[in-house]
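*Asks:* Give me a model of this one.
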Amino acid sequence: MTRSATLALLAVAGASLSSAPARAQEADDSAPRRTRVALGPQVKPTYPGADSVSLRPYIDVSRTRGDTPFAFEAPDESVGFPLLRRDARLQLGPSAGFVGRRRSRDVGGVLPTVGFTVEAGGFAQYAVTDAVRVRGEVRQGLGGHKGLIAVLSADYVMRDADRWLLSIGPRLTLASARYNRAYFGVAPADAVRSGLPAFDADGGVQAVGATAGALKQLTPRWGLVGYAKYDRLVADPGRSPVVRAFGSRNQLSGGVALSYSFGPGVR
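*Replies:* Coordinates of the predicted model:
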C-alpha cells in the first residue's frame, strides 16, 4: 500500500469517528442521520521549511441528524474526534498528524534524513460564540523528528446552515527544541561537511499564519469545499541556514474537494 493510500485510510477512519457535532447532540436522536463525505486533492509543504509542495488526499467526513447543520471543522485541523463535550461548546479529544520525510538529497545531500513522522496527541476547542471558535492541539512525534508541536488557532465562521460557509482565522505554531533541530538545525559535524554555519535551533514559536476555508452546497447532495493556508517561519526556524540555502520561510497549503451528502435525512 502506498503512503498516500495509508494516510487516506487513516484520515477516513479518524474522521468517521467524529460523529454528530456538539449541537447535534441536542437534536432528537430519532431524527434521520445525514453524512457528508468530501474527497479531493490538496498540496502541503513536502516537509517543514521546504520550498516545494507534495500532492496529498484531502478527505473529510461529517455526520449529523435531522436539520441540525454539520459541525464546523477547520480545513487544516488534524485527524481527531471528541471524547468529552460540555455545555455544547467545549470539546476535548485525541488527535493525530503526519509529517512527510525530509530526504538528505532534499537538502543538498549534506544533512541527515528526517524520517516520516506520525504525531499523536490531543486537542481542546471552545466555541466562544456561534461565529467564533478557538482550538489548541499538542502532538508528540513518534519516530521521525521525535519532537513536540503545538498549534493554536481561532476561526471566525460565517454560514447559512449547510448551504454555504466561509471561515478565516490566525494560526500560531510552537515546537520543541528537538523538533526544530531536526529540520532547522545544523550540527557541528554537519557544518563541516556542508559548508553551512553550525546552528542550534531552539524551541519556541515556529510559525505564524492564517487559514481560510469555504464550502458551497450545489444541490442537496453535491457540494464544493476548498481552503488556502499560509504560514511564515519566524524566530530560529526563520533564521535557519537550512531554510535560507534549501527552503523557504513561506509555507503554502491548499486544497479543493467535491462533497457528497447522503442518508434518509437528505432531501
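
*Asks:* Tell me if I'm right that R63 and R34 touch.
*Replies:* Yes. Counting by C-beta atoms under 8 Å, R34 is a contact partner of R63 at 7.0 Å. Glycine gets a C-beta too; all of them are placed from N, C-alpha and C.

*Asks:* More neighbours: these two, which one.
*Replies:* Set R63 next to R34 and count neighbours by other C-beta atoms under 10 Å: R34 wins out with 25 against 20.

*Asks:* ok, what's across the strand from that one?
*Replies:* T64 (DSSP bridges).

*Asks:* So it sits against S259, correct?
*Replies:* No. In this structure R34 lies outside contact range of S259 using C-beta under 8 Å: 11.8 Å.

*Asks:* Bridged to the closest residue to L142 other than its chain neighbours, which residues?
*Replies:* Nearest residue to L142, sequence neighbours excluded (C-beta to C-beta, 6 or more residues apart in numbering): V118, at 4.9 Å. Residues in a beta bridge with V118, per DSSP bridges, are F98, L142.

*Asks:* list the contacts for V118?
*Replies:* Listed by C-beta atoms under 8 Å, 6 or more residues apart in numbering, the contact partners of V118 are A96, G97, F98, G141, L142, G143, G144.

*Asks:* Kindly reformat those as a markdown table and extend each row with neighbour count and pLDDT.
*Replies:* Compiled in a markdown table, the contacts of V118 are given as follows (neighbours: other C-beta atoms under 10 Å; pLDDT from 0 to 100):
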| residue | neighbour count | pLDDT |
| --- | --- | --- |
| A96 | 19 | 96 |
| G97 | 18 | 94 |
| F98 | 18 | 94 |
| G141 | 24 | 97 |
| L142 | 12 | 96 |
| G143 | 12 | 92 |
| G144 | 22 | 95 |
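
*Asks:* which stretches of the stretch 151-267 of the chain form helices?
*Replies:* Applying DSSP state H, counting those that start in this stretch to the stretch 151-267 of the chain gives helices spanning 177-184, 188-194, 235-239, 241-246.
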